[in-house]
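Q: output the structure for:
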Amino acid sequence: MLAKSQALEKIFFWVLLGALALGFFWLLSPFFPVILFALVLALTFEPLYVFLLKIFRRRRHLSALICLLLIFLFLAVPLGGLVAVISNQLLKLAQTFQWDPALFKNLIGEGLITQTAEQWLAVLGIDV
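A: This is a model prediction of the structure:
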């Protein structure tokens, strides 16, 4: 009787542990791409951090700060400038286009979409 109870407890424990693990992974699944990106960045810049550790005589906090500042200076600032230039060019491109209400009317009211819908209704034999 005691052996059956212990076996049942073990089975229940492993099933519960598996369910909790699945729930944990399901809960964190939206964050997996960000975690993977952080892992790639950490592995990419680890040699720089180790080099700075040697220069600053094993001062971890100072090495981490200098590494972070260098990454920000040489990676984040140029990328931010690139995003600013691209967004400025896209805004200038969008301003060159003029809004034509007739174009909207031709597409929706009497134009391509209405004709296509009428053709499909005729092919399918649906009366509206």
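
Q: and the gap between the residue nearest in space to the middle of the chain and L43?
A: Nearest residue to the geometric centre of the chain (Cα atoms, centre = their mean): P33, 6.1 Å. Distance, P33 to L43, by Cβ to Cβ, to the nearest Å: 16 Å. For the C-beta atoms, the positions are set from N, CA and C on the backbone; glycine is no exception.

Q: one step back: which helix or which strand is home to the residue nearest to the centre of the chain?
A: P33 is located in helix 32-55, with elements delineated by DSSP states H and E.

Q: quick check: buried residues in that helix?
A: 49, 52-53 (16 or more other Cβ atoms under 10 Å).

Q: quick one: which of those is nearest A76?
A: Y49 (16.8 Å; Cβ to Cβ).

Q: from L90, how far out is the closest one?
A: 37 Å.

Q: surely I66 and Y49 touch.
A: No - using Cβ atoms under 8 Å, I66 is not in contact with Y49; the gap is 9.0 Å.

Q: packing partners of the helix holding P33?
A: Judged by 3 or more Cβ pairs under 8 Å, 6 or more residues apart in numbering; DSSP states H and E, helix 32-55 is in contact with helix 60-71.

Q: many thanks, we can stop here.
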